[in-house]
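Asks: what's the 3D shape of this:
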Amino acid sequence: MQRHTREDFQTPRQVARKILKFQRRPRDCATRGATRRDAGDARARRSLRGVGRANERANKRETTRETTRETRRRGDDRRGDDRQRMATVEPETKRLKTEDGEKENVALNTGNVGKARVKSLMYRYYKQFYPADLLFKWLAHGNDERHARAEKTYPSRREFCFVLDKEQEEGGGEIFARYQSFVDAKDFKTNVERKKPARIEFGPICNRRPSDRHTVELKPEERELVFDIDMTDYDDVRTCCKEAGICGKCWPLMTVALKVLDVGLREDFGFKHLLWVYSGRRGIHCWISDERARKLSDEARSAVAEYFAVVKGEGQGRRVLSSTPMHPSVKRAYDGVLKQYWIESYLPTQRILEDETKLEQLLNLIPDENIREDLASEFATSSLNSVDRWGVIERRVQDSLKKNNYKLTGALEKIILWHIYPRVDIEVSRHMNHLLKGPFCVHPKTGRVCVPMDPATADSFNPELVPTVVDLDSGAQTLDGAIKTFNDTFWNACARENIERLTAKTRQAKAEQQSGMEF
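Replies: Numbering: from 1, shown residues only. Model (predicted):
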């Protein structure tokens, strides 16, 4: 840092007076006069340079302030123009289709919000709408309470990851700012507002603060058990969309996955606190917050995920790992969810048996070459729809079973399982330190908020009606309903159990203390 002398801050008039002072000083001798004159000139030059630098810094500061004021004025003008434009443009309308026909036009936001528009509203969303306090309270699992048995360091040992967008001039892309940690909800919210992430991912609770990773060996100690189901894994069994696309015809595949996993996790494993979240684009996530689930090792997590991996592989190599008779959990899913959805929804909407490629794919799952060839020949000249063609396949397989063709045992069930049983991304579930996008984040490509889902009303969930940052900024929608779903279906029960657990620890400590005193 440059050190300034008193002379650096003199005015030009003071400098001029000093120069004149040295010039008027009597000369005792030639040598002494020359020396003093040279020294005075040098000091004068230094003073003039100091004044120039000081004036330059002052001008630069003033210019910066003026530029900042002008930028703010332009920003206010742009926001005003945006609001006026949004107020005058009518919302896009769509005609919703149901089994009873078409309903009247309903105004809705399709979620196709430009990425630049989403990015411009991200700061306002995380500042005004993002429920940081509520989420941090959940992730602390009661340890942020002023309770004698609360683990005070627990919240600060949670790893967060801020995914930041690179500027366009830097080539675009994303920056993963891992190992973020915060002492409380206020610290978390302040950093979210300051760093303006494109999305926020939640990681594990570590043995030390993640920010201390350079001085200690960082190890994950616990983390919620998570599941991730993505629509792209169903591309080979849907005819309406592919890749990131979704619509009302294929979204029920996610609903079926939610129903099957929700029942299995609750009834077969005894988990109680399940948070289902729409991913913001093409899938769903499940967060299991039971204390027993949070403390599972990687091996145990892998075993739970493999329990639901009834269908494995990709493309024609995909196979059904189901025995005959079916495992009780698979049979429960088949009888309670899959069979009805297959007949009433999947075949009529996807019409896979009227698509040549999809028909061949299904017939290849029948383990009898003669029946496959007969059905292929019959359907080549048939005008039957997919539901009727499935009836033909059922009768042909059942007639063959009556003739003791045992290799067809369970063939019809396996076809249905192959197509619509949940396809879980096991790699997301098996590792404790795997990061996953948190609830109430905004998907940067759609602008949709990752809202919680109620399993009891999953059939009526419509991803196209999910609030977007544009809806929230304009006041067209709010997050009140999403926060109510979070509280009613998940958090209220979690909060009660957290208090009960801390109270039980207090009682246990008192009992141990009394027994020690008696001893």
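Asks: for Tyr179, what are its contacts?
Replies: Contact analysis of Tyr179 by C-beta atoms under 8 Å, 6 or more residues apart in numbering lists 159, 161, 210-211, 213, 218. Where C-beta positions appear, they are placed from N, C-alpha and C, glycine not excepted.
Asks: one more time with 6 Å, if that's ok
Replies: Shown in contact with Tyr179 (C-beta atoms under 6 Å, 6 or more residues apart in numbering): 159, 210, 213.
Asks: give me the three-state assignment for the residue nearest to the last one when sequence neighbours are not counted.
Replies: In this case it means Arg213. Nearest-residue entry for Arg213: Tyr179, 5.6 Å, with adjacent residues in sequence omitted and distances by C-beta to C-beta, 6 or more residues apart in numbering. Secondary structure, DSSP: H, G, I helix; E, B strand; the rest coil: Tyr179 is strand.
Asks: against Thr446, how distant is Gly245?
Replies: 11 Å (C-beta to C-beta, to the nearest Å).
Asks: what does Pro155 give?
Replies: Applying C-beta to C-beta, one obtains 31 Å for the distance of Pro155 from Thr446.
Asks: want to throw the contacts of Tyr179 into JSON lines with neighbour count?
Replies: Converted to JSON lines, the contacts of Tyr179 look like this (neighbours: other C-beta atoms under 10 Å):
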{"residue": "Glu159", "neighbour count": "23"}
{"residue": "Pro210", "neighbour count": "21"}
{"residue": "Arg213", "neighbour count": "15"}
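Asks: ok, then the element right after the helix or strand of the chain with the lowest mean pLDDT?
Replies: Least confident element among the helices and strands of the chain, by mean pLDDT, DSSP states H and E: strand 101-107 (a mean of 33). Later in the chain than strand 101-107, the nearest helix or strand by DSSP states H and E is helix 115-128.
Asks: just how off-centre is whichever helix or strand comes after that following helix within its chain?
Replies: Later in the chain than helix 115-128, the nearest helix or strand by DSSP H and E is helix 132-140. Distance of helix 132-140 from the chain centroid (C-alpha atoms, centre = their mean, to the nearest Å) equals 15 Å.
Asks: hmm, who's touching helix 132-140?
Replies: By C-beta under 6 Å, 6+ apart, helix 132-140 touches 155, 158, 185, 188-189, 192.
Asks: nearest to Pro325, of those?
Replies: Using C-beta to C-beta, Arg158 comes nearest to Pro325 of those, at 44.5 Å.
Asks: so the closest one touches Gly203, yeah?
Replies: No. Counting by C-beta atoms under 6 Å, Arg158 stays clear of Gly203, with 7.1 Å between them.
Asks: now the residue nearest the centre of the chain. Its backbone dihedrals?
Replies: Centroid-nearest residue in the chain, with C-alpha atoms, centre = their mean: Lys437, separated by 2.6 Å. With angles defined as degrees, to the nearest 10, Lys437 sits at phi -60, psi 130.
Asks: so who does it touch?
Replies: Counted by C-beta under 6 Å, 6+ apart, Lys437 has contacts 199, 201.
Asks: now with 10 Å?
Replies: Applying C-beta atoms under 10 Å, 6 or more residues apart in numbering, we find Lys437 in contact with 161, 163, 199-202, 228, 277, 279-280, 285, 443, 450.
Asks: okay, and which of the residues you listed map to strands?
Replies: By the criterion of DSSP state E, membership of the contacts of Lys437 in strands covers 161, 163, 199-202, 228, 277, 285.
Asks: hmm, back to that, comparing Arg158 and Gly203, which shows the higher neighbour count?
Replies: More crowded of Arg158 and Gly203, by other C-beta atoms under 10 Å: Arg158, with 24 against 21.
Asks: so that one makes contact with Glu201?
Replies: No. Assessed by C-beta atoms under 10 Å, Arg158 is found out of contact with Glu201, at 11.5 Å.
Asks: what is in contact with these two at once?
Replies: Gln180.
Asks: picking that back up, show me which of Gly245 and Thr446 is the more surrounded one.
Replies: A count of neighbours by other C-beta under 10 Å puts Thr446 above the other of Gly245 and Thr446, at 23 against 14.
Asks: give me the three-state assignment for the more buried one.
Replies: Going by three-state DSSP: Thr446 is coil.
Asks: my read is that it contacts Val118, right?
Replies: Yes. Counting by C-beta under 10 Å, Thr446 does reach Val118; the two are 7.9 Å apart.
Asks: which residues are common contacts for those two?
Replies: With C-beta under 10 Å, 6+ apart, Thr446 and Val118 have common neighbours 468-469.
Asks: buried ones from the contacts of helix 132-140, can you make that a ChimeraX selection?
Replies: Here is the ChimeraX command that selects the buried residues among the contacts of helix 132-140 (16 or more other C-beta atoms under 10 Å):
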select :155,158,185,188,189,192
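Asks: out of the contacts of helix 132-140, which comes closest to Val392?
Replies: Of those, the one sitting nearest to Val392 (C-beta to C-beta) turns out to be Arg158, at 56.2 Å.
Asks: that closest one and Phe486: what is the separation?
Replies: 18 Å.
Asks: burial measure for Arg157, as a count.
Replies: Arg157: 21 surrounding residues under other C-beta under 10 Å.
Asks: helix, strand or coil: sort out the closest residue to His147 other than its chain neighbours for me.
Replies: Of all residues not flanking His147 in the chain, Leu502 sits nearest, at 4.8 Å (C-beta to C-beta, 6+ apart). For Leu502, the assignment made with three-state DSSP gives helix.
Asks: which residues are in contact with Leu502?
Replies: With C-beta under 10 Å, 6+ apart, Leu502 has these contacts: 141-143, 145, 147-151.
Asks: alpha carbons only: can I get the helix or strand harbouring Glu193 in CSV?
Replies: Per DSSP H and E, Glu193 falls inside helix 185-195. Backbone C-alpha positions of helix 185-195 (Å, rounded to 0.1, in the frame of the first residue of the first chain) are rendered in CSV as follows:
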residue,chain,number,x,y,z
ALA,A,185,-30.2,-19.7,8.3
LYS,A,186,-29.3,-16.0,8.1
ASP,A,187,-25.7,-16.8,6.9
PHE,A,188,-27.2,-19.2,4.3
LYS,A,189,-29.7,-16.7,3.0
THR,A,190,-27.1,-13.9,2.8
ASN,A,191,-24.7,-16.0,0.8
VAL,A,192,-27.5,-17.1,-1.6
GLU,A,193,-28.4,-13.5,-2.2
ARG,A,194,-24.8,-12.4,-2.7
LYS,A,195,-23.7,-15.2,-5.0
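Asks: ok so, going back, what touches both of Gly245 and Thr446?
Replies: Residues touching both Gly245 and Thr446 (C-beta under 10 Å, 6+ apart): 281-282.
Asks: Gln180 reaches Asn191, doesn't it?
Replies: Yes. With contact defined as C-beta under 10 Å, Gln180 reaches Asn191; the gap is 7.0 Å.
Asks: neighbour count for those two, which is higher?
Replies: In terms of neighbours (other C-beta under 10 Å), Gln180 is the more surrounded of Gln180 and Asn191; the figures are 20 against 17.
Asks: what bridges to the more buried one?
Replies: Phe160 (DSSP bridges).
Asks: next, the contact list for it, please.
Replies: Gln180 makes contact with 158-162, 188, 191-192, 195, 197, 200-201, 203, 210-211, according to C-beta under 10 Å, 6+ apart.
Asks: and if you look at Pro444?
Replies: Pro444 is in contact with 113, 115, 118-119, 122, 163, 165, 174, 197-199, 280-281, 469, counting by C-beta under 10 Å, 6+ apart.
Asks: buried only: go through those for me.
Replies: Counted by 16+ other C-beta under 10 Å, the contacts of Pro444 give 113, 118-119, 122, 163, 165, 197-199, 280-281, 469 as buried.
Asks: now do Arg194 against Arg281, distance only.
Replies: From Arg194 to Arg281 the distance is 26 Å (C-beta to C-beta).
Asks: pLDDT weak spots in this protein?
Replies: Along the chain, segments meeting pLDDT under 70 span 1-13, 15-16, 18-113, 167-172, 516-519.
Asks: can you give the domain ranges for it?
Replies: Following the assignment in automatic domain parsing, the chain carries domains at 6-68, 113-308+431-519, 320-421.
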